[in-house]
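In: sequence and predicted structure are below.
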Amino acid sequence: MKRVGIIGVGEIGRAIVMGLRQGGGESPEVFLSPRGAHTAAELSGRYEGVRVCADNQEVVDRSELVIIAVRRQDRHAALAGLTVDDDKVVVNVMAGVGNDELRRTLATDAPLIRAIPLPAIRERRSITVTYPSHPEVNSFFERMGGALPVAEETAFNVLSTLTGTLTAHYAYLATLTSWATGQGIASDTADRYVRDLFQGVARALSDGTRSLHQLAADHETPNGSNERIRTTWFDPANSEALEKALDDLLADLR
């Protein structure tokens, strides 16, 4: 794809632009919608070949691949009246908006592919789930950190639900830091230690030969500190509450 358009230049739209400009080599022209005008203007000023269009229709007209990255609640205002020719490829990154609904909104026979790019795509370090599989879209995301096509929309929705746990993870780490600060540790010391502690643990995730349960067991000794926190804090009731929250989010995304 030599011409990529992005409608909705928020956090994900910005990350995609930055990812496209990482690593050198030939990059496609990028056409941005005027929504998120400050971010779009900043990206256009920073990167050669990134342009802000007058409106969303111009984004579509100039692009081969169109990424729709507006917020779910803004989709009607952003997409109303757009004409999308059948030779375009449309990537839908709106959480909870299925392709059937999007096709009705756009009234097009163009290929529609759902995707879940994450902020780390700016560094080309994020695998992106896609549905349905599409060779050009898969290739696009492969160069941005990896593509994970799935065969069923039900599977796509489950994986989309998992992305809703990211900020809970950060909040967990922030709680650990706050607790340590409350015990008299300097806040910058606690922050530095918690970050380094979990960055080190995260590196073990690259070892695909061990399951997540095995990794947990490998970091735990019988009757040790890790086992104590896992069994007393992350108890069956806590686990059930997390699964209930995931079930509720999945139901909404469907």
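Out: Happy to help now that I have it.

In: which stretches of the protein form helices?
Out: Assigned by DSSP state H, the chain shows helices spanning 11-20, 37-46, 56-62, 75-79, 99-106, 135-142, 153-162, 166-182, 187-203, 212-218, 225-232, 236-253.

In: give the contact list for Val17.
Out: 6, 9, 30, 32, 43, 47, 50 (Cβ atoms under 8 Å, 6 or more residues apart in numbering). Where C-beta positions appear, they are placed from N, C-alpha and C, glycine not excepted.

In: where does the stretch 151-254 of the chain dip in pLDDT?
Out: Residues of the stretch 151-254 of the chain that meet the criterion pLDDT under 70 are absent altogether.

In: cutoff 90 now
Out: The stretch 151-254 of the chain contains residues with pLDDT under 90 at 200-208, 253-254.

In: circling back to that earlier point, can the contacts of Val17 go into a markdown table with extra columns for neighbour count and distance to Asp248?
Out: Compiled in a markdown table, the contacts of Val17 are given as follows (neighbours: other Cβ atoms under 10 Å; distance: Cβ to Cβ, whole Å):
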| residue | neighbour count | distance to Asp248 |
| --- | --- | --- |
| Ile6 | 32 | 31 |
| Val9 | 26 | 30 |
| Val30 | 25 | 37 |
| Leu32 | 26 | 34 |
| Leu43 | 22 | 36 |
| Tyr47 | 15 | 40 |
| Val50 | 22 | 39 |
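
In: and which of these is nearest to Ala147?
Out: Comparing the contacts of Val17 against Ala147 with Cβ to Cβ picks out Ile6 as the nearest, at 17.9 Å.

In: was I right about Ile67 contacting Arg3?
Out: No: Ile67 lies out of contact with Arg3 (Cβ atoms under 8 Å); the separation is 11.7 Å.

In: higher neighbour count, those two?
Out: More crowded of Ile67 and Arg3, by other Cβ atoms under 10 Å: Ile67, with 26 against 14.

In: how close does that one sit to Gln183?
Out: Going from Ile67 to Gln183 by Cβ to Cβ, to the nearest Å gives 46 Å.

In: next one: Asp248
Out: 35 Å.

In: now do Gln214
Out: Gln214 is 32 Å from Gln183, by Cβ to Cβ.

In: who has more neighbours, these two?
Out: Gln214 (11 against 8).

In: give me the phi and psi angles of the residue sitting nearest the centre point of the chain.
Out: Nearest to the mean C-alpha position of the chain, by Cα atoms, centre = their mean, lies Leu118 at 2.1 Å. Note on Leu118: backbone dihedrals following degrees, to the nearest 10 are phi -110, psi 160.

In: that one: what's it in contact with?
Out: When contacts are counted by Cβ under 8 Å, 6+ apart, Leu118 touches 12, 15, 126, 128, 163, 166.

In: if any of the residues you listed are buried, put those into a PyMOL selection.
Out: Per 16 or more other Cβ atoms under 10 Å, the buried members of those correspond to this PyMOL selection:
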select buried, resi 12+15+126+128
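
In: what's the neighbour count on Gly19?
Out: Counted with other Cβ under 10 Å, Gly19 comes out at 23.

In: number the residues from 871 up from this point.
Out: All right, first residue 871 from here; so that's Gly889.

In: what separation do you get for it and Leu935?
Out: Counting by Cβ to Cβ, the gap from Gly889 to Leu935 is 14 Å.

In: now Arg891
Out: In terms of Cβ to Cβ, Arg891 sits 16 Å off from Leu935.

In: quick check on the two: which one has the bigger neighbour count.
Out: Using other Cβ under 10 Å as the criterion, Arg891 and Leu935 rank with Leu935 on top: 21 against 17.

In: that one contacts Gly875, correct?
Out: Yes: look at Leu935 against Gly875 with Cβ under 8 Å: they come within range, at 7.2 Å.
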